[in-house]
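Visitor: this is a predicted model, with the sequence first.
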Amino acid sequence: MSALNLYDTSTREVGVFTPIKSGEVSIYVCGATVQASPHIGHIRSAVNFDVLRRWLIHSGFAVVFIRNVTDIDDKILQKAAQEQVPWWAHAMKYEREFTAAFAALNVLPPTYEPRATGHITQMIELMQILIDNGSAYAPGNGDVYLEVRNLKRYLTLSGQRIDDLMPAADVEMSISMKRDPRDFALWKAAKLGEPSWPTPWGAGRPGWHLECSAMAYAYLGESFDIHGGGLDLIFPHHENEIAQSEAAGYGFAKRWLHNAWVTQSGEKMSKSLGNSLLVEVILQRVRGIELRWYLVSAHYRSMLEYSESALDESVVAFRRIEAFLKRATEVVGTVPVPLMSKAFSDAMNDDLAVPTGLASISENLRAGNQGITDGDLGVVSKNASEIRGALGILGCDPFDSNFTTSSSSDLSDAMDGVVQLMLKERASARDRKDFAASDAIRDGLLALGITIEDTAQGPRWSIMEKS
RNA sequence: GGUCGGGUGGCCGAGAGGCGAGGCAAGGGACUGCAAAUCCCUCUACACGGGUUCAAAUCCCGUCCCGACCUCCA
């Protein structure tokens, strides 16, 4: 298919994507609450939406991509208090960790990355609109609530009915100032020792949902094309964003995309379950490009069941592709120019069907390797280019400068010279059929992490990637 | 209780009425002094029970099992 089709959580259907403004796409993705170190589930979300963004850019759209940072919330305050550091220092520390993880996984920086605490003014303005038009109320205790009973479309994203929800355990109506237990806080009154900002209704801090509505409006306007986030944000976070923004009279998001989780033993990865795998820990085992390859290889709406063996298998598969591109570059003499194959393009247009796209990469790989064997440079070049084109969309292009390690070229020239000397020794040993000597050289180099392969074009050497 | 996803070969993982995605593993073969790499071949499946249809992994009904959300969540 030549037009991009995307799933929409609100309709539960895949349909043709048409932006509000021709040629432009505006995206808001819920980013991190910076309260702890990123695990691979967090980063999967970022990587999935990064692939969407890259594909949109490739398809010719000008993309405005907003991903927020939630730098104030209950958990941040609570953990900062436990660790006896200021809440803002705690938030900043983990924001830096997320930024580092995004960079290690080659996630493009957002067009803008707004922090909640930098948008209190916009939140107050939004609350004022909601209070003025009767959608929200400030009962006088410093809280501000949104009244949900009157909202026609409340819970349509998650397909629930308000009366079917489990009784809200956290609201004791006898002491609550809420008109209805389902009403949610736009703004929370300051408790002793907590940070606060002044408002017409009392000093306090933002509720969880308000920031996204305020910041989406600030940067993308009343309506925008795509709102993304993890599956678990559908309710309550996204429902409440819709409630706030629509009550304010905004069109808000035209389409909703949600990524599935990384699971372990069938269960969602989460800090509270204690089964989270930190990005930095995995990056001690595999390279960023390899972890990214693993995370993109599943469809974004499918659960990705993590296991070490699955990760290892994925790494091996990626290294095969990488090895081919290296050999192709050697054989052809130039780095392949990225090209988009129809098979990969069709797959991406079908709701970002990366797994189907991977099948086309496999075809390219086989044909390309065959081309090397046959010495058919045209075939090698075409397939290497198509692989590189596909990898570029997935953010896994080994030629991407974000991944290439800047080793000194003097050093690698010297290294090549040394290995070539050894290979010359080995060649003469082989010529006189002294295989014990030739194998000793190969084994010796292997012990140093240098792999020797005999090809039709002569022996080639490579340094094994760390793992 | 409500809502939403799943169950596919030894394993991973797509597909969503006809044409057996793909990968890994396994076995066989080609190449090789050996190896590595590469290529070729082989194997195999749709949780269960009904139904609709010329045709069902795919649609319908029922059953079982797994997971998620229901105010912390990517």
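Guide: Good, I have the coordinates.

Visitor: residue in chain A with the shortest distance to RNA strand B?
Guide: A:Gly230 (1.5 Å; C-beta to the nearest atom of the strand). To be clear about C-beta, it is placed using only N, CA and C from the backbone, and glycine gets the same treatment.

Visitor: and the pLDDT for that residue?
Guide: On the pLDDT scale, A:Gly230 is placed at 93.

Visitor: hmm, A:His258 and it touching each other?
Guide: Yes - the pair A:Gly230 / A:His258 is scored as a contact, 6.5 Å apart, by C-beta atoms under 8 Å.

Visitor: residues of the longest helix along chain A that come out buried?
Guide: Using DSSP state H to assign secondary structure, the helix with the most residues in chain A is helix A:308-332. Using 16 or more other C-beta atoms under 10 Å as the test for burial, helix A:308-332 gives A:311, A:314-315, A:317-319, A:321-325, A:327-329, A:331-332.

Visitor: for the helix or strand where A:Ala81 lies, packing partners?
Guide: Take DSSP states H and E as the rule and A:Ala81 turns out to sit in helix A:74-83. If you count contacts as 3 or more C-beta pairs under 8 Å, 6 or more residues apart in numbering; DSSP states H and E, helix A:74-83 packs onto helix A:87-104.

Visitor: still on that earlier bit, let me see the contact set for the residue of chain A closest to RNA strand B.
Guide: The contact partners of A:Gly230, by C-beta atoms under 8 Å, 6 or more residues apart in numbering, come to A:30, A:41, A:45, A:258-259, A:261.

Visitor: the same query, at a cut-off of 6 Å, please.
Guide: Residues in contact with A:Gly230, defined by C-beta atoms under 6 Å, 6 or more residues apart in numbering, are A:45, A:259.

Visitor: now do the strands in the stretch 151-300 of chain A.
Guide: A:184-189, A:204-206, A:223-230, A:252-259, A:262-264, A:267-268 (DSSP state E, counting those that start in this stretch).

Visitor: can the ones you listed go into TSV with extra columns for distance to A:Lys152?
Guide: Shown next, in TSV, are the strands of the stretch 151-300 of chain A (distance: least, C-beta to C-beta, whole Å):
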stretch	distance to A:Lys152
strand A:184-189	17
strand A:204-206	25
strand A:223-230	18
strand A:252-259	14
strand A:262-264	36
strand A:267-268	32
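
Visitor: ok, of these, where does mean pLDDT dip lowest?
Guide: Among those, strand A:267-268 carries the lowest mean pLDDT (a mean of 80).

Visitor: give me the subset of the buried residues of helix A:308-332 touching RNA strand B.
Guide: A:317, A:323-324 (C-beta under 7 Å from any atom of the strand).

Visitor: could you list the low-pLDDT ranges of the stretch 151-300 of chain A?
Guide: For the stretch 151-300 of chain A, residues meeting the criterion pLDDT under 70 lie at A:167-175, A:271-275.

Visitor: just the helices from it, written as ranges.
Guide: A:210-220, A:239-247, A:279-282, A:288-296 (DSSP state H, counting those that start in this stretch).

Visitor: and the ones you listed as TSV, adding mean neighbour count and distance to A:Thr117?
Guide: Formatted as TSV, those follow (neighbours: other C-beta atoms under 10 Å; distance: least, C-beta to C-beta, whole Å):
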stretch	mean neighbour count	distance to A:Thr117
helix A:210-220	25	9
helix A:239-247	24	18
helix A:279-282	17	24
helix A:288-296	25	30
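
Visitor: need those helices in CSV (columns: distance to A:Glu24).
Guide: Output for the helices of the stretch 151-300 of chain A, formatted as CSV (distance: least, C-beta to C-beta, whole Å):
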stretch, distance to A:Glu24
helix A:210-220, 11
helix A:239-247, 20
helix A:279-282, 32
helix A:288-296, 25
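
Visitor: TSV for those, including distance to RNA strand B?
Guide: Converted to TSV, the helices of the stretch 151-300 of chain A look like this (distance: least, C-beta to the nearest atom of the strand, whole Å):
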stretch	distance to RNA strand B
helix A:210-220	10
helix A:239-247	6
helix A:279-282	12
helix A:288-296	9
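
Visitor: wait, which of those is closest to A:Asn349?
Guide: Using C-beta to C-beta as the measure, helix A:288-296 is the one of the helices of the stretch 151-300 of chain A that comes nearest A:Asn349, at 16.4 Å.

Visitor: who does whatever helix or strand comes next after the longest helix of chain A touch, helix- and strand-wise?
Guide: Sequence-wise, the next helix or strand downstream of helix A:308-332 (DSSP H and E) is helix A:342-349. On a contact count with 3 or more C-beta pairs under 6 Å, 6 or more residues apart in numbering; DSSP states H and E, helix A:342-349 meets helix A:354-374.

Visitor: could you check the angle helix A:308-332 makes with the helix it packs on?
Guide: Orientation of helix A:354-374 against helix A:308-332 (axes from the mean of the first three to the mean of the last three C-alpha atoms, to 10 degrees) gives an angle of 40 degrees.

Visitor: buried residues in the very next helix or strand once past helix A:354-374?
Guide: Downstream of helix A:354-374, the first helix or strand assigned by DSSP H and E is helix A:377-394. Buried positions in helix A:377-394, judged by neighbour count with 16+ other C-beta under 10 Å: A:379-394.

Visitor: can you check stretch A:399-418 too?
Guide: Result for stretch A:399-418 [16+ other C-beta under 10 Å]: buried residues A:399, A:403.
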